[in-house]
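K.L.:
What follows is a predicted structure for the sequence shown.
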Amino acid sequence: MKTFHCQFCGHPIFFENVQCLQCGSALAFLPDRLNMSAIEEVPDGGEGLWRPRMRGRKVSGARYRLCHNHTTQNACNFAVPARDPNELCVSCRLTRVLPDLSVPENPLRWYRLEAAKRRMFYTLAKLGLVSTDPPAGSADGPIFEFLADLPGQPVMTGHAQGVITLNVAEADDAERVRRREEMHEPYRTLLGHLRHESGHFYWDRLVDEGGRVESFRQVFGDERLDYQKALQDHYARGGTVPDWQDSFVSQYATAHPWEDWAETWAHYLHMVDLLETAASYNTRLRIPGQEQEVEEVVNPLETGRPDFDTLVDQWVPLTLLVNSLNRSLGQEDAYPFALSAGALDKLRYVHDVIGETYSRVPAKDAQAQKNKDGSEAEAVGR
């Protein structure tokens, strides 16, 4: 994710912040602008209305309310356009079932789940895969149910018919590490879970409904293979397939073509998010094989649509850098994967499907949106 700055004082701020530590301004993420903003209450504008806080005497005509989950639970920092009748922001309204918040551990678990979901929402929105301003308070994207185990009723994380279910126990670091080690996984995070399960949702939307099933089968295999039996076979053999690295991004991807797609989809979201973060810090890389040339990392979510080869050329040295930084702090590799040519072919397919299906808002339209109130001469945030 890119870095943000308080447009009132210029101090760096982060995606989860609710107050600028430099100037004290309240902060909110404005989904319709995909940007963080300092905000101030609208004087004599009615209770609960906020506007972007501008430098000097500039006054923004945009009006927002804070998400209901912020005002009642302090669990969200997204704003809602004043004309939107929904009390919840575009991310929170996607959650259909919450864990029992009377259980002492669950409020923190829920907060962590929603924070990860907002990060995923941002990336999907930048790719044009979800609407940031759906009409009449509606929602766009997968529906989420965050559930806890009950006696005799364990909750299985997964996707079915547009609904993503996640066991809230995954929000506990110790429990997630225990499950990762038990399943011999090199990587297990809340954000990774959500990205993987969103891949199943977008298989339905982009591949099945998008008329790409035949091309999918040429790359990933025949999804008509019995899914439940395939998973049973996968776990029966301990998740191990000889030479799986030659064609798959992970061992779990070998279980079934649907899981192969979902794992590949998650890795693609990892890729574009990390590249955007690196680009926002003006990171420059020395590309292997081009020792005399230093190349600035491109932002795949804002600088047009870089070709896939450019993304990969920068992704490889960037992950080496990130892993080296982690090791210098005594941490495990942040990205413990090595992508083979076969895995990269599948990532290229995901890249092409997204590019063929959705186009980004043209620059002139984005500028018009930014200044749509007619009085705001400065972009909200950076």
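P.N.:
Arrived safely, thanks for sending.
K.L.:
tell me the residue furthest from the middle of this structure?
P.N.:
Here the centre of the chain is the reference, and by Cα atoms, centre = their mean the most remote residue is residue 44, at 37.0 Å.
K.L.:
Next, residue 39: phi, psi?
P.N.:
phi -130, psi 160 (degrees, to the nearest 10).
K.L.:
For the residue nearest to it when sequence neighbours are not counted, give me its contacts.
P.N.:
Among residues not flanking residue 39 along the chain, residue 50 sits closest, at 4.5 Å (Cβ to Cβ, 6 or more residues apart in numbering). Bear in mind the C-beta positions are built from the backbone N, C-alpha and C, glycine included. Counting by Cβ atoms under 8 Å, 6 or more residues apart in numbering, residue 50 touches 26, 28, 39, 40, 41, 42, 63, 64, 65, 66, 79.
K.L.:
run the last query once more with 6 Å
P.N.:
For residue 50, the contact set (Cβ atoms under 6 Å, 6 or more residues apart in numbering) comprises 39, 41, 64.
K.L.:
if we can go back for a sec, model confidence score at the residue farthest from the centre of the chain, please.
P.N.:
We have a pLDDT of 77 for residue 44.
K.L.:
Under a three-state scheme, what state does it occupy?
P.N.:
The local conformation at residue 44, judged by DSSP: H, G, I helix; E, B strand; the rest coil, is coil.
K.L.:
What helices and strands are in contact with the helix or strand containing residue 345?
P.N.:
Using DSSP states H and E, residue 345 maps to helix 341-357. Applying 3 or more Cβ pairs under 6 Å, 6 or more residues apart in numbering; DSSP states H and E, one finds that helix 341-357 makes contact with helix 257-280.
K.L.:
Can you name the residues in contact with the helix it packs on?
P.N.:
Counting by Cβ under 6 Å, 6+ apart, 1-3, 123, 195-196, 199-200, 203, 220-221, 223, 249-250, 252-253, 297, 299-301, 315, 318, 346-347, 350 sit against helix 257-280.
K.L.:
what's the following helix or strand after that helix?
P.N.:
strand 284-286.
K.L.:
What ranges does the protein have for its strands?
P.N.:
4-5, 12-13, 26-30, 35-41, 50-52, 64-66, 79-81, 95-97, 143-147, 158-160, 163-167, 284-286, 294-296 (DSSP state E).
K.L.:
Those into CSV, with extra columns for distance to residue 207 and mean pLDDT?
P.N.:
CSV is the format used below for the strands of the chain (distance: least, Cβ to Cβ, whole Å; pLDDT from 0 to 100):
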stretch, distance to residue 207, mean pLDDT
strand 4-5, 34, 94
strand 12-13, 38, 96
strand 26-30, 30, 98
strand 35-41, 31, 95
strand 50-52, 39, 95
strand 64-66, 36, 96
strand 79-81, 32, 96
strand 95-97, 24, 96
strand 143-147, 19, 96
strand 158-160, 14, 95
strand 163-167, 17, 96
strand 284-286, 33, 85
strand 294-296, 33, 84
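K.L.:
Present those as JSON lines; the columns should include distance to residue 118.
P.N.:
Converted to JSON lines, those look like this (distance: least, Cβ to Cβ, whole Å):
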{"stretch": "strand 4-5", "distance to residue 118": "13"}
{"stretch": "strand 12-13", "distance to residue 118": "15"}
{"stretch": "strand 26-30", "distance to residue 118": "8"}
{"stretch": "strand 35-41", "distance to residue 118": "12"}
{"stretch": "strand 50-52", "distance to residue 118": "18"}
{"stretch": "strand 64-66", "distance to residue 118": "14"}
{"stretch": "strand 79-81", "distance to residue 118": "12"}
{"stretch": "strand 95-97", "distance to residue 118": "11"}
{"stretch": "strand 143-147", "distance to residue 118": "12"}
{"stretch": "strand 158-160", "distance to residue 118": "19"}
{"stretch": "strand 163-167", "distance to residue 118": "14"}
{"stretch": "strand 284-286", "distance to residue 118": "29"}
{"stretch": "strand 294-296", "distance to residue 118": "28"}
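K.L.:
Quick one, which of these gets closest to residue 306.
P.N.:
Checking the strands of the chain against residue 306 by Cβ to Cβ gives strand 294-296 as the closest, at 11.8 Å.
K.L.:
circling back to that earlier point, out of the contacts of residue 50, who has the most neighbours?
P.N.:
residue 64 (26 neighbours; other Cβ atoms under 10 Å).
K.L.:
Hmm, residue 78 and that residue touching each other?
P.N.:
No: counting by Cβ atoms under 6 Å, residue 64 does not reach residue 78; the two are 9.5 Å apart.
K.L.:
returning to that earlier point: buried subset of the contacts of helix 257-280 as a PyMOL selection?
P.N.:
To isolate the buried subset of the contacts of helix 257-280 in PyMOL, counting by 16 or more other Cβ atoms under 10 Å, use the following:
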select buried, resi 2+3+123+195+196+199+200+203+220+223+249+250+252+253+297+299+300+301+315+318+346+347+350
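K.L.:
Restricted to helices, list the contacts of helix 257-280.
P.N.:
123, 195, 196, 199, 200, 220, 315, 318, 346, 347, 350 (DSSP state H).
K.L.:
residues touching the fourth one, list them.
P.N.:
Residue 199 makes contact with 261, 262, 265, 266 under the criterion Cβ under 6 Å, 6+ apart.
K.L.:
And these, which is closest to residue 104?
P.N.:
Looking across the contacts of residue 199 and measuring by Cβ to Cβ, the closest to residue 104 is residue 266, at 31.4 Å.
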